[in-house]
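Peer 1: Here's my sequence, what's the structure:
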Amino acid sequence: MLRVGLTGGIGSGKTSVSDLFANLGIPVIDTDVIARDLVNNDNKVLKEISDTFNDDIVRANGELDRQRLASIVFNSKKNKKLLENILHPRIKTEVNNQLQRLASSQNPPDYVIIVVPLLIESNYFDLTDRILVVAADEEIRIERVKQRDNRNVSEIRAIINNQASDAERLKKADDTIENNRNIKSLDSQVAELHKKYLRLSDAL
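Peer 2: You can find the predicted model right below:
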């Protein structure tokens, strides 16, 4: 079973790409979804985050104040590392668990997409056989995030500046998708990669 790590900067279109692979019947493991589940369903994780960043990070209803945490983390490399130390070992464990379940299922898939937004920054290379980078021009990414998250430009640029650059990602890429145009262009690129990954999985 071929393991394809899908990554890209904020606003590059990782979700759109992973959705297209899912529409082709390919399993998608999304580390952002795993992280949200951990925070929502594991009280130990929430307590560790609260103890690390102070009690104000948790609302009166017991839920994590994600926007407040994001502002704390994205403005400090030290805080970002602290959060990663809490979440990443648990995320990796869950990714491995899902991979094992897929591999041992009655009909294992030819390949799987593992969405890791910070794959390059957080050294998830051991979980992947290939790296697929989704790249888009920075101004296009900023506009997408403005519309999606209702953030201002300075907040978005702060996030971008705390992530690897597209140039750094592309140095590590085995495959790339350019997402500056429309869904038709994206669909075509995914379809070609789907054929490629099926061929590669046959060779394993």
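Peer 1: got the contact list for whatever helix or strand S188 lives in?
Peer 2: S188 belongs to helix 183-202 when elements are defined using DSSP states H and E. Under the contact criterion Cβ atoms under 8 Å, 6 or more residues apart in numbering, helix 183-202 has outside partners 1-2, 4, 13, 16-17, 20-21, 24, 26, 110-111, 130, 132, 175, 177-179. All C-beta spots, glycine's among them, are computed from the backbone N, C-alpha and C.
Peer 1: buried set for that helix?
Peer 2: The neighbour-count check on helix 183-202 (16 or more other Cβ atoms under 10 Å) flags L186, Q189, V190, L193, H194, Y197, L200, S201 as buried.
Peer 1: which of those lies closest to A136?
Peer 2: Distance to A136, by Cβ to Cβ, is smallest for L186 among these, at 10.3 Å.
Peer 1: What mean pLDDT does stretch 159-166 get?
Peer 2: Stretch 159-166 shows a mean pLDDT of 87 in the predicted model.
Peer 1: And the strands in this structure?
Peer 2: 2-7, 28-30, 111-115, 130-135, 175-178 (DSSP state E).
Peer 1: could I get those as CSV with mean pLDDT, distance to D166 and mean neighbour count?
Peer 2: Shown next, in CSV, are these (pLDDT from 0 to 100; distance: least, Cβ to Cβ, whole Å; neighbours: other Cβ atoms under 10 Å):
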stretch, mean pLDDT, distance to D166, mean neighbour count
strand 2-7, 97, 11, 24
strand 28-30, 98, 21, 20
strand 111-115, 98, 17, 25
strand 130-135, 97, 5, 23
strand 175-178, 97, 9, 18
